[in-house]
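*Asks:* Compute the structure for the input listed below.
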Amino acid sequence: MKKQAIVKSYIILLFILLFSITSLMTGCTRNTEPISRTGFYFDTVIQITLYDTEDASVLDGCFALAEKYENLFSATKEGSDVWNINHGNGEPVTVSEETVSLLVTAVDYANTTERRIDPTIRPVSGLWNFGSEGQAQVPKDAAIKEALSHVSCDTIRFSVDSSNENGELGYNTVTLQDPEAAIDLGFIAKGYIADQMKEYLLSQGARSACISLGGNVITIGEKPDGSPFRIGIQEPFAPEGTTLDTVEVRDASVVTSGIYERYFYEGDTLYHHVLDTSTGYPVENELAGVTILCESSTKADALSTACLCMGLEKGRQFLDNYPDVEYLLITRDGTVYYSDQFR
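*Replies:* Numbering: from 1, shown residues only. Coordinates of the predicted model:
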């Protein structure tokens, strides 16, 4: 995960309305100023802002979590759990319980989305090399076809360890039965990490905070004056900071996936980073972006990518099966579609 891979036009721009001196003079009883910190993990800039504490050590804990999860879930960082699985040569690899838990969840989403998303997409995504600034390229068709033959989450196997102190069985190793298969958790990892950061902040007493992991935003509570957080949604392919819409949320996740997140042109053809698991090429349909609102950032992350891969009509039908999910879909021609309950 290299710093030069910073996304030029990220999906969601976070508009956190910080309290000004004027607001403090007009009756706000807030006793602390917001504290915020920015870092670079998971190939993106992350920002965490706390509104109800001056204890910077809480931010230290959040960024320790960011480093921990990069060391577990990165497909490119040598020695990470995922890297070790991908280089296991078909043998069982001992990993953390969290890695197994996230992999199980990723496989579940693959199976509920007709494999439109698949955690074993790495043989193909590695060919395109979207994670390295200026190094992405269109692979040879033969290379894509060969890589596709190794994309199937059916190749993942989990072993069961001995009973723990509660008498429950757990997983402790992961095996890729196809030695040429490889895992990429890009469609779900940031969502999971955002959820874990939220749980950590709640355990530290935070009641008003905002976590932004690129296109994944999750809020805790509301702003100290009782108003909601306002999250801006970037207009596809427009100059950075051009807002398509703004949503007001309390205790919710706002996650966007879009074809304008990472892309390059070869000739007049645009190639973006959201890959079709059936062709190995970028997905081709009407959609330019999908924004999901729900409580779980993990769920929102997986569903936004899956819908983007399905296309407009099939994607809407799919998302309508989730009563706890609100969505905004924007097509390449700029038409916006909202779910009935979209706030």
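*Asks:* All the helices of this protein, residue numbers only.
*Replies:* In the chain, helices defined by DSSP state H lie at 21-25, 57-73, 81-86, 97-112, 122-128, 141-148, 189-203, 297-310, 312-319, listed in chain order.
*Asks:* quick one: average confidence on the last one?
*Replies:* Right, the one you point to is helix 312-319. Across helix 312-319, the average pLDDT comes to 97.
*Asks:* what's the answer for the fifth one, then?
*Replies:* For helix 122-128, the mean pLDDT works out to 96.
*Asks:* The fourth one now?
*Replies:* The pLDDT scores in helix 97-112 average 96.
*Asks:* ok and that helix relative to helix 189-203, angle-wise?
*Replies:* In terms of direction (axes from the mean of the first three to the mean of the last three Cα atoms, to 10 degrees), helix 97-112 departs from helix 189-203 by 130 degrees.
*Asks:* Packing partners of helix 97-112?
*Replies:* For helix 97-112, the elements it packs on are helix 57-73, strand 156-160, strand 171-176, helix 189-203, helix 297-310, judged by 3 or more Cβ pairs under 8 Å, 6 or more residues apart in numbering; DSSP states H and E. Where you see a C-beta, it was placed from the backbone N, CA and C, and this is true even at glycine.
*Asks:* and the helices of the chain as a markdown table, adding mean neighbour count?
*Replies:* Shown next, in a markdown table, are the helices of the chain (neighbours: other Cβ atoms under 10 Å):
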| stretch | mean neighbour count |
| --- | --- |
| helix 21-25 | 11 |
| helix 57-73 | 17 |
| helix 81-86 | 23 |
| helix 97-112 | 18 |
| helix 122-128 | 22 |
| helix 141-148 | 15 |
| helix 189-203 | 21 |
| helix 297-310 | 26 |
| helix 312-319 | 17 |
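*Asks:* Mind putting the ones you listed into TSV with distance to I48?
*Replies:* Formatted as TSV, the entries for those read as follows, by distance: least, Cβ to Cβ, whole Å:
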stretch	distance to I48
helix 21-25	22
helix 57-73	5
helix 81-86	24
helix 97-112	20
helix 122-128	28
helix 141-148	36
helix 189-203	7
helix 297-310	13
helix 312-319	28
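*Asks:* among these, which is nearest H273?
*Replies:* helix 122-128 (7.1 Å; Cβ to Cβ).
*Asks:* Who is the closest residue to T219 other than its chain neighbours paired with across the strands?
*Replies:* Taking Cβ to Cβ, 6 or more residues apart in numbering, and ignoring the residues beside it in sequence, T219 has F229 as its nearest neighbour in space, at 4.6 Å. Counting by DSSP bridges, F229 is bridged to V249.
*Asks:* The one 5 residues further on too?
*Replies:* The bridge-partner assignment for Q234, based on DSSP bridges, gives T243.
*Asks:* T246 is in contact with that one, correct?
*Replies:* No - taking contact to mean Cβ atoms under 8 Å, the distance of 10.9 Å between Q234 and T246 leaves them out of contact.
*Asks:* quick one: which of those two has more around it?
*Replies:* The neighbour comparison of Q234 against T246 (other Cβ atoms under 10 Å) goes to Q234, with 25 against 11.
*Asks:* Could you tell me how far that one is located from V100?
*Replies:* If you measure Q234 against V100 using Cβ to Cβ, to the nearest Å, the figure is 34 Å.
*Asks:* Next: P228.
*Replies:* Note on P228: its distance to V100, by Cβ to Cβ, is 36 Å.
*Asks:* Could you do G315 as well?
*Replies:* As for G315, its distance to V100 is 29 Å (criterion: Cβ to Cβ).
*Asks:* ditto for S253
*Replies:* Distance, S253 to V100, using Cβ to Cβ: 23 Å.
*Asks:* just F229 next, same as before
*Replies:* Taken as Cβ to Cβ, the spacing of F229 relative to V100 amounts to 33 Å.
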